[in-house]
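**Student:** Curious how this folds, go ahead:
(2 chains)
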Amino acid sequence: MRAVDIFIQQILNGLSIASVITLIAVGVTLIFGLTGIINFAHGEFLMIGGIVTWLAVSAGLSFPLAVVLAILAVGLMGYVLERGIFRFTLERPTNGFIVSLGLIVVLQHVVVLFWNPNQKSIPRPLTTVWDVGGVRIASVRVMVILITVAVVALSFRMITTSRYGRALRASVEDRDTAALMGIPVRRYITGVFVLGSALAGLGGALLIALFPITPFIGGTMVMKGFAVALIGGLGNIYGAVAAGLILGIVEGFSAGYGFSQWTDAYSFVLMILVLLFRPHGLFGGTSGPRMAS
Amino acid sequence: MKTVLKMGASAAFCLGALAHPACAEDNIVKIGVVAAESGSFVSAGHTLPAGVGLAVKQINDAGGIKVGGKTYKLEMVKRDDRTDIATAIAATQELVRDVKVQAIFGSETHDFTLAMAKITQPAKVIHFAGNSTLAKILTPDSVKPGGEDHYLFQSEPQEFQRSGSTARGVLTLLEPLLGYKPKKSVMIVGNDATGQFLSSYYFKALKAEGQDVPDIIFYPPDTTDFSPFLTRAKSLNPDIIHFWYNGDSTLTALPQALELGAAKSYFLFGVDPGIWKEKALTADVPVAMSCVPVCWGESSNPKAKAYFDAYFAAGAPHGVTSSVSLLYHDYVHFLAEAWEKAGSFDPDKTVEALLSIHHQGVVSDDLTFNPTHQVTHATEVCAAAPGGDISCSMQQPPAEAPKS
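**Tutor:** Numbers count the residues shown, from 1 in each chain, chains lettered A, B, ... in the order given. Model prediction:
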């Protein structure tokens, strides 16, 4: 295999890595950046999305239907948890953070209790592999990249141009004033949390289409999601996409050409440098909403 | 009068052996297990109580053990270390000081075992752990009477033995399936303490078998997307890619390797052919697998089927590493035999007996501990042909470590 083919293959690998990380990062950036809720259990939301997909496919449903179920189930779970737990922590984000750490353990072990700790996988929804001049392109990876692009574009449009998005951004700037202007801030927070959760559900469904998952997969994913969200700028979907791409390519190339065992470390070194020199991220973002009583 | 004498003798026996709570609790001997029944190591961790529990049941169903003229039943007391070393230490302290177990099995993790041994050894509690990495501390000095690890036993072969038998088995089984003698190997290894330790031995074992090994590619332990690592391996044009050592990671990596066409054949360490069949895995190239130490899905070991039938019937799930249970199951029987031979639960006499017995286990008809408290036995290696046929063979370990 020629060096140039290996190089192109590594770029494609990087794009694929970037897809799922970007999906989770968009969820993190929306929830953390726009509502101030630091939900470290977001990775477990992704894991639940994968488990729902696995259950649905195992029950004989088609993959597209399983994806829809995963989005709905995790979105519903997000609604219940936001209304039942996180809304009581809005004025004390540290409490929300601690609650989310507890949720990690609870969600992992609920899954272990009912469906054991072993790996879960589904048959690949697409099995074709194209060989283009020695470069192998798996159709399932192309599917994941395309779905991510479409969903992220839709979310971006919604946040930047819709009436809902404008109201949401206004409430990030100043909750009290937004509320006085008639914006139902609390309801919008719930809406963002549900949207972010649903994106994690989608991420989980796409993840299990690519790789087997375990109940413990959330931790790694959420760390990268937070890294990408912070590098891109909190609340900035464009930033999350760009940072996801940067991180995917960096990871792909470091594993392919550098010290492969440090692959994860590069992401976090990059995050630390960005936070030191550009505290609002590479592409600018919120510092989280201003907390007001 | 006879009864009074018997009662007096019994009381004297127990008073003289206050350190041995078996007497105090209705002829029950307690055996502790510390393992990850939750957390990220649960896949291997749950096999420990399953294997020990099965052996305890088998021994009790057969009437218990006879020690010093009395019959005792065994009781397993298990603690979940939650894949957390502090929890493992606390659990060991509780089992040793409060529950007063006679022996401890676990953990499946090297670092945890070392920390546990700091508690079990001063307390003179017999301790079995299936970590080949214990070779680092089990030395002639440390295991001699009075030594700091005198009561610690390694129930997995030394790593040069396991790596040696595995490398030989993989190359032997893959050669006819490839149709030529493989010459170039690349290793892809999880980058943690165990991965680094194991790969250093396996690298030497492959070199000793004449393999050219141009690269060992380490990946972060939680990796799910292996494509960049596999692309790097593919650029080296290997005959075999050897995946070490986490079975779950290996099962994640293999389909990606097949998609990329990364090598002409593969070896999956610690993946049982049973999982290969259950997951209906297929490959268009030969794939070798190895079990620690005997496979449950397909085995050339005549005792394996009966063992795993009983193991799964007891409720243990079919797992990638179910066979790890044998690194503990056999040694409960071994220990029971040692207690019977010693005629006592005295830990020093038990160690003497353990070192003198040739035990008939599932893994081997001749399990023995060497002078540094390490066991030796064969490792099972299997290979799946592209058509799906699986063949297995027990590979005996090399007599000596390869010269580096």
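**Student:** All the strands of the stretch 101-250 of chain A, residue numbers only.
**Tutor:** With DSSP state E, counting those that start in this stretch, the ranges of strands along the stretch 101-250 of chain A come out as A:129-132, A:135-138.
**Student:** Could you tell me the phi and psi values at B:H242?
**Tutor:** Backbone torsions of B:H242, given as degrees, to the nearest 10, read phi -100, psi 120.
**Student:** if I look at it, how far off is A:N95?
**Tutor:** 48 Å (C-beta to C-beta, to the nearest Å). (Glycine included, C-beta is placed from N, CA and C.)
**Student:** Would you mind telling me which of the two has the busier surroundings?
**Tutor:** B:H242 (30 against 15; other C-beta atoms under 10 Å in any protein chain shown).
**Student:** Distance of that one relative to B:D212?
**Tutor:** B:H242 is 13 Å from B:D212, by C-beta to C-beta.
**Student:** Please enumerate the shared neighbours of those two.
**Tutor:** Shared contacts of B:H242 and B:D212, defined by C-beta atoms under 8 Å, 6 or more residues apart in numbering or on different chains, comprise B:S185.
**Student:** wait, B:L114 sits on B:I137?
**Tutor:** Yes: proximity of B:L114 to B:I137 meets the contact threshold set by C-beta atoms under 8 Å, at 6.9 Å.
**Student:** Which helix runs longest in the chain?
**Tutor:** I went with chain A, as the question did not name one. helix A:3-30 (DSSP state H).
**Student:** Can you look at chain B instead?
**Tutor:** For chain B, the longest helix by residue count, based on DSSP H, is helix B:159-178.
**Student:** buried set for that helix?
**Tutor:** Buried positions in helix B:159-178, judged by neighbour count with 16 or more other C-beta atoms under 10 Å in any protein chain shown: B:159-171, B:173-175, B:177-178.
**Student:** Would stretch A:215-226 count as contacting chain B?
**Tutor:** Yes: contact of stretch A:215-226 with chain B (C-beta under 8 Å from any C-beta of the partner chain) involves A:F216, A:I217, A:G219, A:T220.
**Student:** cool, stretch A:198-210 as well?
**Tutor:** Yes: interface with chain B: stretch A:198-210 contributes A:L207, A:L210 (C-beta under 8 Å from any C-beta).
**Student:** Now do the buried residues in that stretch.
**Tutor:** So stretch A:198-210, judged by 16+ other C-beta under 10 Å, has buried residues A:198-210.
**Student:** Please produce JSON lines containing the residues you listed, extended by pLDDT.
**Tutor:** Shown next, in JSON lines, are these (pLDDT from 0 to 100):
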{"residue": "A:A198", "pLDDT": "96"}
{"residue": "A:L199", "pLDDT": "94"}
{"residue": "A:A200", "pLDDT": "95"}
{"residue": "A:G201", "pLDDT": "96"}
{"residue": "A:L202", "pLDDT": "96"}
{"residue": "A:G203", "pLDDT": "94"}
{"residue": "A:G204", "pLDDT": "95"}
{"residue": "A:A205", "pLDDT": "96"}
{"residue": "A:L206", "pLDDT": "95"}
{"residue": "A:L207", "pLDDT": "93"}
{"residue": "A:I208", "pLDDT": "95"}
{"residue": "A:A209", "pLDDT": "94"}
{"residue": "A:L210", "pLDDT": "91"}
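**Student:** May I ask which two of those are separated the most?
**Tutor:** A:A198 and A:L210 (19.2 Å; C-beta to C-beta).
**Student:** How confident was the prediction at the closest residue to chain B within the stretch 51-200 of chain A?
**Tutor:** In the stretch 51-200 of chain A, the residue found nearest to chain B is A:P117; the distance is 4.1 Å by C-beta to the nearest C-beta. Turning to A:P117, the model gives it a pLDDT of 77.
**Student:** pretty sure it is in contact with A:T214, am I right?
**Tutor:** Yes: with contact defined as C-beta under 8 Å, A:P117 reaches A:T214; the gap is 6.6 Å.
**Student:** Run the angle between the helix or strand bottoming out on mean pLDDT in chain A and helix A:3-30 for me.
**Tutor:** Every helix and strand of chain A was ranked by mean pLDDT, DSSP states H and E. The lowest is helix A:163-173, at a mean of 83. In terms of direction (axes from the mean of the first three to the mean of the last three C-alpha atoms, to 10 degrees), helix A:163-173 departs from helix A:3-30 by 70 degrees.
**Student:** elements contacting helix A:163-173?
**Tutor:** helix A:139-161, helix A:175-180, helix A:185-210 (3 or more C-beta pairs under 8 Å, 6 or more residues apart in numbering or on different chains; DSSP states H and E).
**Student:** got the contact list for B:T172?
**Tutor:** With C-beta under 8 Å, 6+ apart, B:T172 has these contacts: B:V381, B:S393, B:Q395.
**Student:** mind checking how far it is from B:S299?
**Tutor:** 17 Å.
**Student:** Repeat that for B:L114.
**Tutor:** 32 Å.
**Student:** For B:L134, which non-adjacent residue is spatially closest?
**Tutor:** B:Q154 (4.4 Å; C-beta to C-beta, 6 or more residues apart in numbering or on different chains).
**Student:** Now that that neighbour has come up, it's in contact with B:K136, right?
**Tutor:** No: assessed by C-beta under 8 Å, B:Q154 is found out of contact with B:K136, at 10.4 Å.
**Student:** For B:H358, which residues are in contact?
**Tutor:** B:D366, B:L367, B:T368.
**Student:** Now that we have these, can you turn them into JSON lines and tack on distance to chain A?
**Tutor:** Output for the contacts of B:H358, formatted as JSON lines (distance: C-beta to the nearest C-beta, whole Å):
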{"residue": "B:D366", "distance to chain A": "33"}
{"residue": "B:L367", "distance to chain A": "29"}
{"residue": "B:T368", "distance to chain A": "34"}
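**Student:** I'd like to know which of those residues is nearest to B:L236.
**Tutor:** Of the contacts of B:H358, the one sitting nearest to B:L236 (C-beta to C-beta) turns out to be B:L367, at 39.9 Å.
**Student:** Tell me what the closest one is bridged to.
**Tutor:** Beta-bridge pairing for B:L367 (DSSP bridges): B:H359.
**Student:** When B:L114 and B:S299 are compared, which one has more neighbours?
**Tutor:** Neighbours per residue (other C-beta under 10 Å) separate B:L114 from B:S299, with B:S299 holding more: 23 against 19.
**Student:** What parts of chain B come near chain A?
**Tutor:** Selection of chain B residues close to chain A by C-beta under 8 Å from any C-beta yields B:38-40, B:42-43, B:46, B:191, B:217-220, B:222-225, B:227-229, B:231-232, B:234-235, B:237, B:248, B:251-252, B:255-256, B:259-261, B:279, B:317, B:319-320.
**Student:** Just the buried ones from those residues?
**Tutor:** Buried, going by 16+ other C-beta under 10 Å: B:38-40, B:42-43, B:46, B:191, B:217-220, B:222-225, B:227-229, B:231-232, B:234-235, B:248, B:251-252, B:255-256, B:259-261, B:319-320, out of the residues of chain B next to chain A.
**Student:** Just the buried positions in stretch B:338-354, please.
**Tutor:** Result for stretch B:338-354 [16+ other C-beta under 10 Å]: buried residues B:338-342, B:344-347, B:350-351, B:353-354.
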